[in-house]
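*Asks:* got a structure for you, letters missing:
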Ligand SMILES: NC(=O)C1=CN([C@@H]2O[C@H](COP(=O)(O)OP(=O)(O)OC[C@H]3O[C@@H](n4cnc5c(N)ncnc54)[C@H](O)[C@@H]3O)[C@@H](O)[C@H]2O)[C@@H](O)CC1
Ligand SMILES: Nc1ncnc2c1ncn2[C@@H]1O[C@H](COP(=O)(O)OP(=O)(O)O)[C@@H](O)[C@H]1O
Ligand SMILES: [K+]
């Protein structure tokens with residue numbers, strides 16, 4: 001507990017300094033529940049009091065961790081028990097402080113806040129405190145799932161102990177957590193492996209395909225794309241362009257001539273295949289499909305992938321064409337609405353709101369039911385392997401929620417699938433090197449793609465508007481940025 005509290009207090013100090021604030025004389029209120037989470041918060045506040053901060057503890061449950069409360073009092077902290085009568089007054093006083101530490105509930109929570117604690121948090125959230133730091137997990141967020149019991153005080157920073165909890169890496173929990181800082185407290189070897197894995201840029205540097213000296217276009221992977229239609233020409237143009245800049249040996253485009261002309265005007269490197277495609281190592285099927293001819297091409301390609309054992313990235317309209325059970329090297333890329341329909345195909349009746357409030361649960365369920373890798377798009381992208389492993393990538397920014405952004409993601413994924421299919425995902429390769437087992441490698445490939453898409457989008461946006469085309473144009477530079485981390 002001392003290590004956790006120390007890590008929390010240090011993080012508060014760093015955050016204040018980064019804001020250009022002095023530590024001595026600044027004010028902090030810790031909202032402390034009765035369990036060990038409150039104990040961590042009180043010990044941390046005691047350390048901050050000893051550094052000259054004005055500290056208040058609002059006890060949300062009447063009692064508090066006895067040793068931590070004693071340490072807090074001994075350090076000169078002021079104690080305020082919360083009750084029905086003083087909620088408003090304490091909310092206003094707390095919102096005026098330089099820092100609020102949320103230490104009401106941690107991993108021992110059952111359900112969310114209620115009573116005066118819920119009222120206090122709801123009132124504080126409205127008052128927008130300057131800096132909220134959550135202790136271990138924002139109170140009300142389920143640490144194991146990211147499911148959220150409102151109200152929750154949105155944190156700028158969550159200081160968590162031992163390892164990043166799944167609830168901090170899956171929406172809606174991630175949306176309440178801000179940046180996540182992990183403090184090692186010496187119990188790491190005894191913890192089970194984390195339920196969610198997030199690839200870092202160092203992981204990406206190890207995993208990205210890199211052409212060998214004697215590479216030629218067929219050994220680098222050929223991706224076949226069935227996308228777009230007379231109505232949605234842009235989906236074809238964007239997905240082919242994105243595939244083409246994501247490092248395959250070649251892109252073959254299948255579609256009507258009118259669309260192909262526009263695709264080739266943008267990406268002259270692509271090959272148009274009116275109907276019978278040449279050899280491909282992986283497929284991208286679905287963005288912007290419309291009309292019976294394009295749907296038929298997608299069906300034929302899906303069948304070819306099934307018969308030939310090739311990976312297929314299946315998006316948008318092509319999600320309707322899936323067999324009951326997919327091969328494990330297929331990557332389905334629904335957004336929350338499409339996941340709702342996908343689950344409906346296996347008699348799981350849910351709404352989009354259900355999916356958005358339980359992202360981890362439903363992405364896992366979809367992978368289990370379809371047998372494929374399922375990549376659920378959103379601010380945080382979750383990628384579930386049918387074997388049960390889930391990756392979580394959150395590298396983009398909200399400006400990326402723009403028409404065609406998903407088509408670009410499809411192109412990146414199709415190209416990566418072709419590259420890895422051509423080079424193999426062998427047992428002694430880089431995936432094994434970072435502890436990714438054979439049954440979770442296609443999910444890792446999808447996580448690599450989601451991460452590249454996010455990084456490219458963030459670079460294209462800076463902190464302002466961007467377009468899908470601009471995201472695609474940033475992909476080669478994103479590869480170069482990642483390669484700088486090789487052996488770093
Ligand atoms: N497990 C460990 O090894 C470590 C745990 N630590 C801290 O301990 C925390 C977990 O502590 P606890 O197990 O005491 O649990 P919590 O501090 O999360 O809270 C549990 C207490 O709150 C009550 N409670 C549960 N749900 C409630 C609700 N909805 N409304 C009001 N009260 C509720 C429980 O009856 C219990 O008394 C972690 O989050 C972390 O901050 C750290 O000190 C480091 C080590
Ligand atoms: N708030 C957000 N922050 C970051 N990325 C986002 C956000 N919202 C959506 N995205 C990403 O943008 C893309 C949108 O894809 P999609 O929903 O298929 O849109 P479209 O069909 O218009 O291309 C996905 O990759 C998704 O992860
Ligand atoms: K907390």
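*Replies:* That came through fine. All of these numbers come straight from a predicted model, not from anything done at the bench. Ligands and ions are numbered 1, 2, ... in the order given.
*Asks:* Point out the residues in the protein that sit beside ligand 3.
*Replies:* 102, 135, 139 (Cβ under 5 Å from the ion). (Glycine included, C-beta is placed from N, CA and C.)
*Asks:* Roughly how far does the second one sit from residue 212?
*Replies:* Translated: residue 135. Separation of residue 135 from residue 212 (Cβ to Cβ, to the nearest Å): 49 Å.
*Asks:* Ok, the first one next?
*Replies:* Per Cβ to Cβ, residue 102 is found 51 Å from residue 212.
*Asks:* and if you look at the last one?
*Replies:* Applying Cβ to Cβ, one obtains 52 Å for the distance of residue 139 from residue 212.
*Asks:* isn't there a strand covering residue 307?
*Replies:* No: secondary structure of residue 307 (DSSP: H, G, I helix; E, B strand; the rest coil): helix, not part of a strand.
*Asks:* Would you map the helices across the stretch 151-300 of the chain?
*Replies:* Listed in chain order, the helices of the stretch 151-300 of the chain (DSSP state H, counting those that start in this stretch) span 173-177, 201-207, 233-244, 257-266, 292-308.
*Asks:* What residues does this protein have near ligand 2?
*Replies:* Contacts of the chain with ligand 2, taken as Cβ under 6 Å from any ligand atom, map to 335, 377-379, 381, 396-398, 400-401, 403-407, 409, 453.
*Asks:* quick one: buried residues of the worst-scoring helix or strand of the chain on mean pLDDT?
*Replies:* Using mean pLDDT, DSSP states H and E, helix 430-433 stands out as the lowest-scoring helix or strand of the chain, at a mean of 92. Residues of helix 430-433 classed as buried: 430, 431 (neighbour count, 16 or more other Cβ atoms under 10 Å).
*Asks:* Touching it from outside, list them.
*Replies:* Residues outside helix 430-433 that contact it (Cβ atoms under 8 Å, 6 or more residues apart in numbering): 206, 207, 425, 426, 441, 444.
*Asks:* rerun at 10 Å
*Replies:* Applying Cβ atoms under 10 Å, 6 or more residues apart in numbering, the contact partners of helix 430-433 are 203, 205-210, 420, 425-426, 436-438, 440-441, 444-445, 448.
*Asks:* Next: stretch 188-198.
*Replies:* In contact with stretch 188-198 (Cβ under 10 Å, 6+ apart) are residues 144-146, 161-170, 174, 180, 182, 203, 360, 364, 380, 382-384, 388-395, 434-436, 440, 443-444, 447, 451.
*Asks:* Now go through these and say which are in strands.
*Replies:* With DSSP state E as the criterion, strands contain 161, 180, 182, 382, 383, 384, 390, 391, 392, 393 from among those.
*Asks:* returning to what we had before: when residue 139 and residue 212 are compared, which one has more neighbours?
*Replies:* It is residue 139, of residue 139 and residue 212, that has more neighbours when counted by other Cβ atoms under 10 Å, with 29 against 10.
*Asks:* For the residue in the stretch 201-350 of the chain positioned nearest to ligand 3, list the residues it contacts.
*Replies:* Closest contact between the stretch 201-350 of the chain and ligand 3, by Cβ to the ion, is at residue 336 (26.9 Å). For residue 336, the contact set (Cβ under 10 Å, 6+ apart) comprises 171, 350-357, 359, 362-363, 376-378.
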